[in-house]
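S.K.: Take this sequence and fold it.
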Amino acid sequence: MTRNLMLAATAVLALSSGMAQAAPPKEVVAAVADAGRPEADTKRDADRKPAEMLEFAGVKSGQTVADFLPGGGYFTRIFAKAVGPQGVVYAVINAPPPNPAPDAKPNPIVAVVASYPNIKVVQASFQTLALPTQADVIWTAQNYHDLHLARFNLDVAAVNKAVYAALKPGGVYVVLDHAALPGAPLDTADKLHRIDPAIVKAELAAAGFTYEGESTLLRNTTDDHTKGVFDPTLRGHTDQFIYKFRKPK
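M.R.: The predicted model follows:
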């Protein structure tokens with residue numbers, strides 16, 4: 001069996017989550033099995049469960065998906081294939097400073113766009129987040145805690161309101177992140193790159209979102225929540241929550 005067929009077979013395994021879910025649609029299975037994905041990404045699939053994550057998010061052909069802080073494009077590539085040529089993926093990155101350093105390197109997502117014509121890079125202020133068109137799905141993976149980093153000095157309430165405005169009525173915002181201990185203070189984001197899931201729920205409720213449910217596929221009760229997510233003993237295997245929030249119609 002080829003690697004791509006093995007990936008496709010893995011993608012249709014039964015789901016185990018806090019919400020009832022059907023098997024991923026064929027477009028999602030094919031997107032995960034895309035031969036154009038780099039090996040460094042496909043090696044992470046067993047841990048990140050991308051097909052199940054896209055099914056939970058409700059990503060479908062023809063949709064507009066915004067990947068908020070896409071990193072190296074792990075999910076962005078899969079979104080691009082899943083929404084197909086009639087869909088679009090906005091890779092949302094921070095607007096560059098007025099006077100960037102001469103040796104500043106381009107964001108890694110820029111190189112990804114060359115192979116996926118339906119990916120559009122959007123450089124935006126996170127506190128306004130003006131997308132070219134409203135999205136069906138806004139997704140952020142392992143990034144929500146970063147909004148609270150002291151060095152960014154963001155008004156997180158304004159960011160969440162901007163995300164709300166950037167969604168179509170009825171659209172969903174999906175947040176996947178590293179879990180902190182219950183009651184952990186906000187500075188845990190700076191110290192450990194984690195966040196208490198209850199904080200995420202409260203902040204997004206304040207922005208007007210309705211909490212719709214969670215997937216438990218990435219939860220890991222053996223994680224030592226007192227360690228940072230880059231600790232070599234647990235990197236790639238942290239306890240992660242994934243929540244779905246909806247903008248009311």
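S.K.: Could you use CA atoms for every contact and neighbour count after this?
M.R.: Noted.
S.K.: which residues sit in contact with A165?
M.R.: Contacts for A165 (CA atoms under 8 Å, 6 or more residues apart in numbering) come out as Q134.
S.K.: With T76 instead?
M.R.: T76 is in contact with 67, 70, 89, 91, 119, counting by CA under 8 Å, 6+ apart.
S.K.: again, only using 7 Å
M.R.: 67, 70 (CA atoms under 7 Å, 6 or more residues apart in numbering).
S.K.: what does Q86 give?
M.R.: For Q86, the contact set (CA under 7 Å, 6+ apart) comprises G62.
S.K.: Could I get the pLDDT score of it?
M.R.: With respect to pLDDT, Q86 has a value of 96.
S.K.: next one: W139
M.R.: Note on W139: pLDDT of 98.
S.K.: Poorly predicted segments of the chain, please.
M.R.: Within the chain, the segments meeting pLDDT under 70 span 1-22, 97-100, 103.
S.K.: at 50 what do you get?
M.R.: Across the chain, the ranges flagged by pLDDT under 50 are 1-20.
S.K.: All the strands of it, in order from the start?
M.R.: Under the criterion DSSP state E, the chain contains strands at 64-68, 88-94, 119-124, 135-141, 167-178, 210-215, 240-246.
S.K.: So for V112, which of those sits nearest?
M.R.: Checking those against V112 by CA to CA gives strand 119-124 as the closest, at 8.4 Å.
S.K.: What are the contacting residues of the closest one?
M.R.: Contacts of strand 119-124 (CA under 7 Å, 6+ apart): 80, 88-95, 113, 130.
S.K.: Could you tell me which of the residues you listed count as buried?
M.R.: The neighbour count (16 or more other CA atoms under 10 Å) marks 80, 88-93, 113, 130 as buried among the contacts of strand 119-124.
S.K.: In TSV, list the contacts of strand 119-124 along with distance to L167.
M.R.: TSV is the format used below for those (distance: CA to CA, whole Å):
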residue	distance to L167
A80	18
V88	14
V89	13
Y90	12
A91	15
V92	14
I93	17
N94	18
A95	20
V113	22
A130	10
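S.K.: how much space between R194 and A101?
M.R.: Per CA to CA, to the nearest Å, R194 is found 30 Å from A101.
S.K.: before we move on, back to that, deepest in the core, which of the strands of the chain is it.
M.R.: strand 64-68 (a mean of 26; mean count of other CA atoms under 10 Å).
S.K.: Alpha carbons only: can I get that strand in CSV?
M.R.: Written as CSV, here are the backbone C-alpha positions of strand 64-68 (Å, rounded to 0.1, in the frame of the first residue of the first chain):
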residue,chain,number,x,y,z
THR,A,64,-13.8,30.3,2.4
VAL,A,65,-11.5,29.4,5.2
ALA,A,66,-9.2,31.7,7.1
ASP,A,67,-6.1,30.1,8.7
PHE,A,68,-5.3,32.6,11.4
